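A.B. asks: Sharing a model that was predicted from the sequence below.
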Amino acid sequence: MASEDHKPALIATFAIYGVIIVGTGVWAYIRERNLKSKSGSDELTAHYLAGRSFGPVITACTVFSSLFSGYNIVGAPSEAFYYGFFSLTWLISLVGIVAGYFATAPRLRRASELRQHTSPADFVTDRFQSQYCRYAIVALQIVPTVIFLAGQVISIKLAFNQMFELDEDNPYPSIIVMSIILVFEWAGGLNSVALTDSIQGFVIFISYMIIPFAIVKHFGGWASLSPTNFPRPDFYQTLSEERQWTFWQFTVLNIAFFSLPPLIQRTYAASNLKSLKSAFTVLLFGSWMAQMVGVFMGTMAVKALGPGVFPASPFNAMLEVMMDLGGISKIAAVVTVTASLAAVMSTADSLIIATSQLVINEIILPVVRTNERLSSDHALAWFGRFTSLSTAIIALLIAFYWKNPVFDLIEMQLSMCLMTIPAFVIGLFGRWNCHPWSIGTGAWLSAVYILVFYYQYIRENEDAKPINGGVSGLGLNLFIIFIMETSRMLLFPSEDLGHNTTTTSSDGSASPISVSTGEGDDDSSDPSSPGASQQRLHFPNRPEWDVPNLQRFGNEPLTWQYLYESMEGTYEVATNPYWVVFMLVSMSFACPMTPELEPPLGPTGFASMPRVVNGLPWWAFKIILLGLIPTASLAYEIFRMPTEYANKDFGKPKSDNDLNLKESGLDDVGNKNNIAERGDEGKRMETQQRQQRDQQHMHRRHPEQEQERRSFGAHVSQTGDVRVLKKNSTMGTESFHFDSDSGSSSQRPGQSYQR
């Protein structure tokens, strides 16, 4: 706990930090308003994705700050204090986080760019075309995010209640911090979150650059440690077999971190590949800096605090010792306390806004979409605020009622995340159309297994084997998918239509497979409705309730061929199976694999002196050294990563309007000279083209208007004439559209027929 002499410095630092954060929040609020008014971004895109406008600096800062949470800043030093160099698991697991994110983010962003994905679950909805699969992934994104948020509240309790001599279960510091976060999120959306993240990331970076030098100055570094004089000589023994298994399984768990909504949200918000590249770079090298400092701080705290001292929060106890030293050490300690607050806030605000976006897009909007009042920008803003508030309250309740180890909460969160891996990996890189029910069933059953496994086997079983529910759950998940897919292919080999455009109706004639935008429920499907779009389903023989609204993603389905074609010419090392295997193997070899508890340690000391390298046990030095191999491979591949997609023209519409503009020399909207030469006609075409682009902002809340805009057909006037404005070939049918202004007609505009 902080003495009375240190409290003024802490309060002053918090006050300065608060003023900077408030100023940043106001700036973010103004920036969001400008986005809505100037760029034409709709309410949801502006608030939750900041208009997809994040450049390299903002993207890198917000990704780094969001990842380095209270778990890392407060938890890693405390774990190192109690469990020694086992805490290096944080270092290797963070390499896994970066590897998973680097492998999937470029494709996810490309798909979101071409298909107007905004929600973290949109890719799964678009790729697998199933409500059952969609809401399995939504549940497995929301639940881990709320658990992760509860972990941040626990970090506040551990860091600040003790620091200011408050009762361990005093809720007020946590409530105050969460209230501040909510105000910023309500005011500026992702703009506020990302800009404050940048400030918080800077504070974390500065504190973690200063703290090691202050520790070395007064207590020496690792090189000063020795098994003979260190208060915890057991740190020099090799890890037990159980801890070695836990080390490896924790590394595997963290690979799934990319599927957490905050990271997907930032992937969509990045303005280009260059922004993502900067995020990968900062995340990779920042992970080494932050985690090495955390482990260093925790292990050196054992020496600084002396033998027989076991504080409730080693992080706070070490900072208290450093504040007592005065001078630069006190400054470093005070800044580090502020950095721990920044780490909690930067992660918590990211988790709250990501959960809010998921609930609004996946639960609220499908219900209220057809209600003009409830789907208005004003109503959606209040729905979002209520969702954020509810998320914060649930996280607070979990945090204050959770009495088991914090590490159990972390593993629960990561285990749930890991169950989304098959959906994203198969969806992004698989070269076949996997049935959505296989994906959904595997996800649902494995999630249930994780909960039952923890509460019935792990929770109060001291003799439980070192089996992680997430890793074993992933095995169960993949097994279920394999069995269901094998059975489907054997029993129904022709069900997957692939690139076929028709299916056979009851009378034996071929007919297109349609997906309705729905005049009522957003996610209903009625192929017979007059306004049905002609997007085909991969697996059409399913009940209507299972088919979501797909019109907002375009008229063509998202297939694996489409994804590979969209990335054609863009360098992707993740599509190289040899590199994937190399990364998995190199990260596994970085994990400790040694005989357990060597050399034996008795009451009189070691049976034989352990081998030491610069003060570190040899096996800990080996972890660091071998961890450099996957890190170097990642760094090299990030360096090779392009800054833009090669196939820039992929997915651009090729309508007759585009052809007419190309023929007239007006296909480039920015060609002002051409437009000027064409006079009024050029201006009219420019306006028409701009209006067509603006229509994409309507598709999330009013797909029926988007469908009306896209309707094609032939309309017959009273005289029997057919007047054609457009002619398109869609799925083997010719369709015509009649311009109602070109002549008299008793037909209502929008009615059409196909032949």
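C.D. replies: Sure, I can see it. Note that the structure is predicted; figures quoted are calculated from it, not measured. Residues are numbered from 1 along each chain as shown.
A.B. asks: Other residues contacting stretch 611-629?
C.D. replies: 85, 88, 91-92, 95, 221-227, 235-239, 586, 589-592, 594, 610 (C-beta atoms under 8 Å, 6 or more residues apart in numbering). Placement of C-beta: from N, CA and C, glycine included.
A.B. asks: Mind listing what's buried along it?
C.D. replies: 612, 615-617, 619-624, 626-627, 629 (16 or more other C-beta atoms under 10 Å).
A.B. asks: Adding pLDDT, distance to Gly427 and secondary structure, write these out as JSON lines.
C.D. replies: Compiled in JSON lines, the buried residues of stretch 611-629 are given as follows (pLDDT from 0 to 100; distance: C-beta to C-beta, whole Å; DSSP: H, G, I helix; E, B strand; the rest coil):
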{"residue": "Val612", "pLDDT": "91", "distance to Gly427": "48", "secondary structure": "strand"}
{"residue": "Gly615", "pLDDT": "88", "distance to Gly427": "47", "secondary structure": "coil"}
{"residue": "Leu616", "pLDDT": "92", "distance to Gly427": "42", "secondary structure": "strand"}
{"residue": "Pro617", "pLDDT": "93", "distance to Gly427": "43", "secondary structure": "strand"}
{"residue": "Trp619", "pLDDT": "94", "distance to Gly427": "39", "secondary structure": "helix"}
{"residue": "Ala620", "pLDDT": "93", "distance to Gly427": "39", "secondary structure": "helix"}
{"residue": "Phe621", "pLDDT": "94", "distance to Gly427": "40", "secondary structure": "helix"}
{"residue": "Lys622", "pLDDT": "94", "distance to Gly427": "37", "secondary structure": "helix"}
{"residue": "Ile623", "pLDDT": "94", "distance to Gly427": "34", "secondary structure": "helix"}
{"residue": "Ile624", "pLDDT": "94", "distance to Gly427": "35", "secondary structure": "helix"}
{"residue": "Leu626", "pLDDT": "94", "distance to Gly427": "32", "secondary structure": "helix"}
{"residue": "Gly627", "pLDDT": "93", "distance to Gly427": "30", "secondary structure": "helix"}
{"residue": "Ile629", "pLDDT": "95", "distance to Gly427": "30", "secondary structure": "helix"}
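A.B. asks: will you turn those into JSON lines that also has distance to Glu637?
C.D. replies: Shown next, in JSON lines, are those (distance: C-beta to C-beta, whole Å):
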{"residue": "Val612", "distance to Glu637": "34"}
{"residue": "Gly615", "distance to Glu637": "33"}
{"residue": "Leu616", "distance to Glu637": "29"}
{"residue": "Pro617", "distance to Glu637": "31"}
{"residue": "Trp619", "distance to Glu637": "28"}
{"residue": "Ala620", "distance to Glu637": "27"}
{"residue": "Phe621", "distance to Glu637": "26"}
{"residue": "Lys622", "distance to Glu637": "24"}
{"residue": "Ile623", "distance to Glu637": "22"}
{"residue": "Ile624", "distance to Glu637": "21"}
{"residue": "Leu626", "distance to Glu637": "18"}
{"residue": "Gly627", "distance to Glu637": "16"}
{"residue": "Ile629", "distance to Glu637": "13"}
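A.B. asks: List just the nearest of the residues you listed to Ala279.
C.D. replies: Using C-beta to C-beta, Gly627 comes nearest to Ala279 of the buried residues of stretch 611-629, at 20.7 Å.
A.B. asks: excluding its backbone neighbours, what's nearest the closest one?
C.D. replies: Nearest residue to Gly627, sequence neighbours excluded (C-beta to C-beta, 6 or more residues apart in numbering): Ala590, at 4.5 Å.
A.B. asks: Flag the shaky bits of the chain, pLDDT-wise.
C.D. replies: In the predicted model of the chain, residues 1-4, 32-33, 35-47, 49-51, 163-164, 188-192, 494-535, 652-755 satisfy pLDDT under 70.
A.B. asks: in it, which spans are strands?
C.D. replies: 502-504, 510-512, 601-602, 605-606, 612-613, 616-617, 726-730, 733-737 (DSSP state E).
A.B. asks: ok, back up a step: ChimeraX command to pick out the buried ones of the contacts of stretch 611-629?
C.D. replies: To isolate the buried members of those in ChimeraX, using 16+ other C-beta under 10 Å:
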select :85,88,91,92,95,222,225,227,235,236,237,238,239,586,590,591,592,610
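A.B. asks: In helices, which of the contacts of stretch 611-629 appear?
C.D. replies: In helices, defined here by DSSP state H, the members of the contacts of stretch 611-629 are 91-92, 95, 586, 589-590.
A.B. asks: dump the residue contacts of Trp437.
C.D. replies: Neighbour list for Trp437: 130, 132-133, 484, 542 [criterion: C-beta under 8 Å, 6+ apart].
A.B. asks: Can you lay out these as a markdown table showing distance to Met318 and neighbour count?
C.D. replies: Written out in a markdown table, the entries for these read as follows (distance: C-beta to C-beta, whole Å; neighbours: other C-beta atoms under 10 Å):
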| residue | distance to Met318 | neighbour count |
| --- | --- | --- |
| Ser130 | 51 | 23 |
| Tyr132 | 50 | 19 |
| Cys133 | 47 | 29 |
| Met484 | 52 | 18 |
| Arg542 | 58 | 19 |
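A.B. asks: out of those, who's nearest Thr604?
C.D. replies: Of all these, Thr604 sits closest to Met484, with 59.7 Å by C-beta to C-beta.
A.B. asks: ok, and the closest non-adjacent residue to the closest one?
C.D. replies: Of all residues beyond its chain neighbours, the one nearest Met484 is Ser438 (4.0 Å), with distances taken as C-beta to C-beta, 6+ apart.
A.B. asks: Also Leu149?
C.D. replies: Counting by C-beta to C-beta, 6+ apart, Ala395 is the residue found nearest to Leu149 once chain neighbours are left out, at 3.9 Å.
A.B. asks: repeat for Trp402
C.D. replies: Leu409 (6.2 Å).
A.B. asks: any chance you could map the helices in the stretch 51-200 of the chain?
C.D. replies: Counting by DSSP state H, counting those that start in this stretch, the segments of the stretch 51-200 of the chain that form helices are 56-67, 70, 76-83, 89-115, 122-128, 131-156, 172-219.
A.B. asks: right, so those helices: which one is the most enclosed?
C.D. replies: Comparing the helices of the stretch 51-200 of the chain on average neighbours per residue, with mean count of other C-beta atoms under 10 Å, the densest one is helix 70 at a mean of 28.
A.B. asks: From what I see, Ser119 and Leu365 are in contact.
C.D. replies: No. Using C-beta atoms under 8 Å as the test, Ser119 is too far from Leu365 to be in contact (9.0 Å).
A.B. asks: Which residue of the two possesses the greater neighbour count?
C.D. replies: Under the criterion of other C-beta atoms under 10 Å, the comparison of Ser119 against Leu365 puts Ser119 first, with 28 against 21.
A.B. asks: Roughly how far does that one sit from Val337?
C.D. replies: Summarising the geometry, the distance separating Ser119 from Val337, computed by C-beta to C-beta, to the nearest Å, is 37 Å.
A.B. asks: center of the protein - which residue?
C.D. replies: Among the residues of the chain, the smallest C-alpha distance to the mean C-alpha position (C-alpha atoms, centre = their mean) belongs to Leu263, namely 2.7 Å.
A.B. asks: Can you give me every residue that contacts the nearest residue to that residue once chain neighbours are set aside?
C.D. replies: If the residues on either side of it in the chain are set aside, Leu263 comes closest to Tyr101, at 6.1 Å by C-beta to C-beta, 6+ apart. Counting by C-beta under 8 Å, 6+ apart, Tyr101 touches 257-258, 263, 280, 283.
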